[in-house]
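# sharing a sequence plus its predicted fold:
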Amino acid sequence: MSDETASMGEGLQDFLGLGDRSLEVLFGSQSGNAEALASKIVKTAKSYGLDGNVHDMDGFDFNSLSSKKRVIIVCSTWGEGEQPDNAEELWKFANSSAASKLEGVHFAVCALGDTSYELFCESGKEWDGLFEKLGATRVVERIDCDVDYDAPSSEWTLKALPALAAVDSTGNFIEEMVDEIAQFASGSSVGASGDDGFSVPSIEAEAIQVEISVFRFDPSTNSTGRDSWACAIPGHLSVMEALRAIKEGHDGSLSFRDGTNDDPSTAISVNGKLVLPGRIRVDSIASSREGSLRLRVDPIPGSDVIRDLIVDHWALERKRESSKPWMVAATREGIQTPQGVIGEMNQFTALRVHSLADYDSAPLLHSSSDAVPYANGFLGPAVLASSWARRSDPRTAPERVIEIDSILGSSNGIRAETDLAPIFRRDGYSKSVSEGLLEARTKTIENDSFNGKLGKHVWWYCWTVKSSGKVNDTVLYRQVLGPIGLLGNLFSGVTARMVLGFTRTGGNVLNSLLGMVAPPAGIGKMPRQFNSTVADHHQVVAIYNELDGRF
Amino acid sequence: MPLKYAYHPGNVAHSGSPEVADTMNAVARNLGLELTILDGATSCGAGIIRQANERLQLALNARTFAMAESHGLSILTPCAATAGNLKQDLEKLRSNPILMKEINDVLAKTCGLVFSGETEVHHLLHVLVDEIGLDKIEKLAVNKFDFRVAGYYSPYFQMEGACGGDSVHDPDYFEQLIDALGGSPVDWEGRVLSVGAPGILSEESTALRQSAAVISEAKDEGAEIIVSACNLSHSVLDIYQGKASRVTGITTNIPVIHLTELLSFVFGNHNTRFAQLRTRIAVIGD
């Protein structure tokens, strides 16, 4: 702990140690996640001078809250927006005329849910609204956590606890103390040796000299350019923190989306890598050129730039909306459980469905396709990955599956992607997302019975490799483009460039001209009409016959 | 000790780009590379076969790996698309023992081959920098390539574990090589972007817009020539160059050659062709 933190801590310790420092943490839990999270919060609360108590909502005396000063609600949502079983009775009572007002209470709500459901985090939202209605004071905004709730809930806890700790023993919220308490608690953090599940060891790095070059766009003058700053900053700073430092210390006009470390809308490109800037350290991404480190910061590609690093996500949202991402569930047979009849899904299917759309930022995934900026109307990998996950979900209604197939197979669907490789190569999401997109493409091609240009391309590619072991470009051109396409290439100069090797430097021009005698038969630079077969070609045929008899 | 590799020429070297085969032979001789031609190797699938049947592409490439292993060699290819596809399939098989066994069962039944996963896949660019060394290459450079050169990597081998010691997202091996060969490397973002080569037949207009944007950036940054480490992308960057210009209205005239051609010319081979190229660079462009 630094000297400054220590002296600051002495004044605070009196405040944090005086009078009533109780914190009530109520959990509404179906699967145990909310309960576990409530326990973690109470453990962490000690660092903020709070005496935390965990309460199961089941059997809890709601009116006892009216005399409390600090309350946290951690509540999951069950089914289609319902309260978990252990919260139902309390919820009913809290909404009845017998419920006490909560005017002296300061509160915060952490809602757990699943974005797969239309009513996401509904129970938490209901508690949040009810506490406000009963006169309680909200000290931090509610957080709505998806199934991967660990990181966002941890971050939220680090905001909620200092705020609640700033409520003194008389019930007054002293807002100006929040930052001081947060800093004090951070300084006294148990770090890596802590067992509270929240504290992450702080790994500090030496200051490094780095040149940060940032893309600038001024919409008022419609001008673009780059600004560069050479500065010495600690290597462990996140890129987001570095941008904040530039904005605060050098150029207040620098615009970027600020947010939590996991905020998907903060996505930017740093040295060509698509990242969430709060998640990545400067020293892990800076590239070394001629002895100095550099960061080249750009907006993510594929979206209109509003100003500097801020892009417009609205177009992506409209595409998402057009894909109707919500669940349309089939009526399914359930199984009898002590809690009543519920639907079931085996863990492998559940894992697969989840992993197909397990990406951390839709804008990041969207911009990972190099085709997106150039294919008008293309829905892009983020929308298509979510659609494919829905299609692969056994709960989805059959009529909805047909609709999704239609979206995937449309001219703006998966066929509009010219190249899957850029999506595969970029990280930030699991490979299962890109592999899911490949599956979606395969399914679309099969649904079309290998018709259309994409289907024919794939079919004849496979066919020619079976025939000789090598791809035959001439067959592909002829079968995919057809006579009209070949004529188009002839008049657009494509064929001429093949024959003459206009800018190329190999081969005998005469041989290539001979290729024109029987177009598109190729000799020399023109693709060959016939391929020689690879050695042991029969093995290739045998592999095809073993694995895929269609070709 | 010569460096020994099993050689996979890629998809287009035997077909529309014979100049790759011509120049690669000369380059291997100059560098002292001992290449064993894999006569039985099939197309890498170019990511196309896996769109119909992923296991089919895996089995075909596993057969190629098994052949390289039978020689006790790693695979070398001058094509980024081939390097990327082979590496992706190699890693997929290595990381999934059940899948590897299933594919090995197919290989055993159909070819009598076994694939252990011991082979490696290298692109020529990474062998030049990581294995041979730029200092040796600089000594071999008898014809300095004194142009402003945009080195095009393509996205295919810019993956974790597939680009040697180079950076995945911000590579500079090509620029180092160009510098060693006497050229002035151009700094440009488009060097790792796709030009839509796998989709040129099915989504032509999008691919043409992609390639026009990449070429245009190279020209804007002052490049006099593009050198491609990807033979597949070269076909779009070069053959479809004029069409891309007509579709987009962007000026795209620029010579585009293969990495193997660049090396061959600088090492003193194919002097007539190099003279033609010099003339073309002087003539073509804005």
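Received the coordinates, thanks.
# what's the spacing between residue A:158 and residue B:101?
Applying Cβ to Cβ, to the nearest Å, the value for residue A:158 to residue B:101 is 47 Å. Heads up, the C-betas are built off the backbone N, CA and C, glycines and all.
# actually residue B:215, not the one I typed
Residue B:215 is 45 Å from residue B:101, by Cβ to Cβ.
# secondary structure element holding the residue of chain B found nearest chain A?
In chain B, the residue that lies nearest chain A is residue B:19 (2.2 Å; Cβ to the nearest Cβ). Using DSSP states H and E, residue B:19 falls within helix B:18-31.
# and for the residue of chain B closest to chain A, the neighbour number?
25 (other Cβ atoms under 10 Å in any protein chain shown).
# repeat for the one 5 residues further on
By other Cβ under 10 Å, the residues close to residue B:24 number 26.
# so it touches residue B:13, yeah?
Yes - between residue B:24 and residue B:13 there is a contact under Cβ atoms under 8 Å: 7.4 Å.
# quick one: common contacting residues for those two?
Contact criterion Cβ atoms under 8 Å, 6 or more residues apart in numbering or on different chains; residues shared by residue B:24 and residue B:13: residue B:78.
# residue contacts, the closest residue to residue B:158 other than its chain neighbours?
Computed as Cβ to Cβ, 6 or more residues apart in numbering or on different chains, the closest residue to residue B:158 that is not its neighbour in sequence is residue B:192, at 5.0 Å. Residues near residue B:192 by Cβ under 8 Å, 6+ apart: A:272, B:153-155, B:158, B:169, B:171.
# quick one: which of those has the most company?
residue B:154 (29 neighbours).
# the residue lying closest to that residue once chain neighbours are set aside: neighbour count?
Take residue B:154 and drop its neighbours on the chain: the residue closest to it by Cβ to Cβ, 6+ apart is residue B:230, 3.6 Å away. For residue B:230, the neighbour count with other Cβ under 10 Å is 30.
# residue B:230 reaches residue B:78, doesn't it?
No - counting by Cβ under 8 Å, residue B:230 stays clear of residue B:78, with 9.2 Å between them.
# and the gap between residue A:469 and residue B:91?
From residue A:469 to residue B:91 the distance is 23 Å (Cβ to Cβ).
# which residues touch residue B:146?
B:182-184.
# what is the rounded mean pLDDT of whatever helix or strand residue A:348 lives in?
Using DSSP H and E, residue A:348 falls within helix A:347-356. When pLDDT is averaged over helix A:347-356, the result is 91.
# follow-up on the earlier one: so for the residue nearest to residue B:154, what's the pLDDT?
So residue B:230 comes in at 96 (pLDDT).
# same deal with the one 3 residues further on?
In the predicted model, residue B:233 carries a pLDDT score of 95.
# what is the burial count for residue B:17?
30.
# what does residue B:56 give?
23.
# now the most far-flung residue of chain B relative to its centre: closest residue in space, sequence neighbours ignored.
The C-alpha centroid of chain B is most remote from residue B:109, which lies 32.5 Å away (Cα atoms, centre = their mean). Closest residue to residue B:109 apart from its sequence neighbours, by Cβ to Cβ, 6+ apart: residue A:546 at 6.6 Å.
# now the helices for the stretch 151-286 of chain B?
Secondary structure of the stretch 151-286 of chain B by DSSP state H, counting those that start in this stretch: the helices cover B:173-180, B:204-220, B:231-239, B:241-248, B:259-266, B:271-283.
# those helices: which one's closest to residue A:278?
helix B:204-220 (29.5 Å; Cβ to Cβ).
# so the closest one versus helix B:241-248, what angle?
100 degrees (axes from the mean of the first three to the mean of the last three Cα atoms, to 10 degrees).
# what average pLDDT does helix B:204-220 get?
97.
# next, see if it gets close to chain A.
Yes - residues of helix B:204-220 contacting chain A under Cβ under 8 Å from any Cβ of the partner chain: B:206-207, B:209-210, B:213.
# highest neighbour count among the residues you listed?
residue B:210 (29 neighbours).
# what sits against the closest residue to that one other than its chain neighbours?
In space, and not counting its chain neighbours, residue B:210 is closest to residue B:196: 4.3 Å by Cβ to Cβ, 6+ apart. By Cβ under 8 Å, 6+ apart, the contact list for residue B:196 reads A:370-371, A:374, A:418-419, B:203, B:206-208, B:210-211, B:236.
# one more time with 6 Å, if that's ok
A:418-419, B:206-207, B:210 (Cβ atoms under 6 Å, 6 or more residues apart in numbering or on different chains).
# which one of the residues you listed is nearest to residue A:381?
residue A:419 (11.4 Å).
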